[in-house]
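Colleague: Model the structure of this input:
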Amino acid sequence: MVRILKAEAEGTLAEAIAVLKSGGLVAYPSDTVYGLGAAASDERAVARVFTVKGRLPEKALPLLLADVEDMPPLCAEVSPIAKLLADRFWPGPLTLVLRRSPSFHSPALGGGASVALRVPDHLLLRQLIRALGEPITGTSANRSGRPSCRTAREVQRHLRDAVDLIIDGGPSRIGQESTVVDITGDTPMIVRTGALRREEIERALGREVGV
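Modeller: Below you'll find the model as predicted:
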């Protein structure tokens, strides 16, 4: 049976880091919904994420960062729009799709030229990523096409032994997935409506966004 550790328990963070470093999968709490994490550089672990979710490997996975400052090495440029949105909404429920840096590679990206990034508003999760020393996959901890999980018990019920560790941080505060905005083109485009409203994004940018 999959292990479930309380987020506040002593040793939980160290155990989660050890699991990720050894190629395992960790289901974790976040500000939005529970996520399914693998180290972004670990090819076999990321392949397991695709398998667990029943997701095609060409369909890229988003990545979570510990801090806004972690973004530049992963993307080709931090445009004024990217900086504005990151400064305004990170940490928080906004995922930004940017052009990938030629020097950054991860099996989570499905061979594509873009990378989807988010800094979650969840202290333990950010501590985990920072201590691991690299991004983790930021996809929701559920089978593709099924509702997202908002509690550790829901993750356990849906994924069972497909993951190596579940961190129980209580119910997700927001309970809805992040809003995804593609800023690789001239006009920012909302590719998934989530917890962050379109009006808030447009107010921050001072312009309309596409949908």
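Colleague: all strands of the chain, in order?
Modeller: Using DSSP state E, the strands assigned to the chain run over residues 3-6, 26-28, 35-37, 63-64, 94-99, 114-118, 136-137, 139-140, 165-168, 179-182, 189-192.
Colleague: can you put these in JSON lines and add distance to Arg150?
Modeller: C-beta here means a position set from N, CA and C on the backbone, and glycine is covered the same way. Listed next are the strands of the chain as JSON lines, based on distance: least, Cβ to Cβ, whole Å:
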{"stretch": "strand 3-6", "distance to Arg150": "15"}
{"stretch": "strand 26-28", "distance to Arg150": "12"}
{"stretch": "strand 35-37", "distance to Arg150": "11"}
{"stretch": "strand 63-64", "distance to Arg150": "17"}
{"stretch": "strand 94-99", "distance to Arg150": "18"}
{"stretch": "strand 114-118", "distance to Arg150": "18"}
{"stretch": "strand 136-137", "distance to Arg150": "19"}
{"stretch": "strand 139-140", "distance to Arg150": "10"}
{"stretch": "strand 165-168", "distance to Arg150": "12"}
{"stretch": "strand 179-182", "distance to Arg150": "17"}
{"stretch": "strand 189-192", "distance to Arg150": "17"}
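Colleague: Save the ones you listed as TSV, and put in mean neighbour count and mean pLDDT too.
Modeller: Output for those, formatted as TSV (neighbours: other Cβ atoms under 10 Å; pLDDT from 0 to 100):
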stretch	mean neighbour count	mean pLDDT
strand 3-6	14	97
strand 26-28	28	98
strand 35-37	29	98
strand 63-64	26	98
strand 94-99	24	98
strand 114-118	24	98
strand 136-137	28	98
strand 139-140	24	98
strand 165-168	23	98
strand 179-182	22	98
strand 189-192	14	97
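Colleague: looking at those strands, which is closest to Glu77?
Modeller: Smallest distance to Glu77 across the strands of the chain (Cβ to Cβ): 7.1 Å, for strand 94-99.
Colleague: Show me what the closest one is packed against.
Modeller: Packing contacts for strand 94-99, counted by 3 or more Cβ pairs under 8 Å, 6 or more residues apart in numbering; DSSP states H and E, involve helix 80-89, strand 114-118, strand 179-182.
Colleague: still on that earlier bit, with respect to Leu125, which of the strands of the chain lies nearest?
Modeller: strand 26-28 (5.6 Å).
Colleague: The closest one pairs with which strands, parallel or anti?
Modeller: Sheet pairing here is set by DSSP bridges, and for strand 26-28 it gives strand 35-37 (antiparallel), strand 165-168 (parallel).
Colleague: Please give the centre-to-centre distance between the last one and its chain.
Modeller: To tie it back to what came earlier, the one meant is strand 165-168. Centre-to-centre, strand 165-168 and its host chain are 16 Å apart (Cα atoms, centre = their mean, to the nearest Å).
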